[in-house]
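Novice: sequence-free structure coming up:
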């Protein structure tokens, strides 16, 4: 991307999983992909 952003496709990020963890310092976030194709981010 010209503006320097990293672009990830959801299928590459999740693979066969429905949920991934994102660690930001000591905080862990969970990113979940619903059956409807929506993303839900929780702490």
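Specialist: Thanks, I have the structure now. Predicted, not measured: the structure shown is a model, and the values here were computed from it.
Novice: okay, CA-based contacts and neighbour counts for the rest of this
Specialist: Will do.
Novice: what's in contact with whatever helix or strand residue 13 lives in?
Specialist: Applying DSSP states H and E as the criterion places residue 13 in helix 10-14. Contact partners of helix 10-14, identified using CA atoms under 8 Å, 6 or more residues apart in numbering, comprise residue 20.
Novice: what's the distance between residue 11 and residue 3?
Specialist: Between residue 11 and residue 3 the distance is 23 Å, computed by CA to CA, to the nearest Å.
Novice: what about the two, which has more around it?
Specialist: The neighbour count for residue 11 versus residue 3, taken as other CA atoms under 10 Å, is higher for residue 11 (9 against 5).
Novice: excluding its backbone neighbours, what's nearest the residue most central in space within the chain?
Specialist: Most central in the chain under CA atoms, centre = their mean is residue 31, positioned 4.8 Å from the mean C-alpha point. Distances taken as CA to CA, 6 or more residues apart in numbering put residue 41 closest to residue 31, at 4.5 Å, once the chain neighbours are dropped.
Novice: if I pick the one you found, what's in contact with it?
Specialist: Residue 41 makes contact with 29-32, according to CA under 8 Å, 6+ apart.
Novice: For ChimeraX, what selects the buried ones among those?
Specialist: Burial among those is assessed by 16 or more other CA atoms under 10 Å; the matching ChimeraX selection reads:
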select :31,32
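Novice: Turn the contacts of residue 41 into a markdown table, columns for secondary structure and distance to residue 18.
Specialist: Converted to a markdown table, the contacts of residue 41 look like this (DSSP: H, G, I helix; E, B strand; the rest coil; distance: CA to CA, whole Å):
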| residue | secondary structure | distance to residue 18 |
| --- | --- | --- |
| 29 | strand | 14 |
| 30 | strand | 10 |
| 31 | strand | 8 |
| 32 | strand | 6 |
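Novice: now, which of the contacts of residue 41 sits nearest residue 7?
Specialist: Nearest to residue 7 among those, counting by CA to CA, is residue 31 at 15.9 Å.
Novice: wait, isn't the closest one in contact with residue 22?
Specialist: Yes. Counting by CA atoms under 8 Å, residue 31 touches residue 22, with 7.3 Å between them.
Novice: re earlier: which helix or strand contains the residue nearest to residue 31?
Specialist: Assigned by DSSP H and E, residue 41 belongs to strand 39-42.
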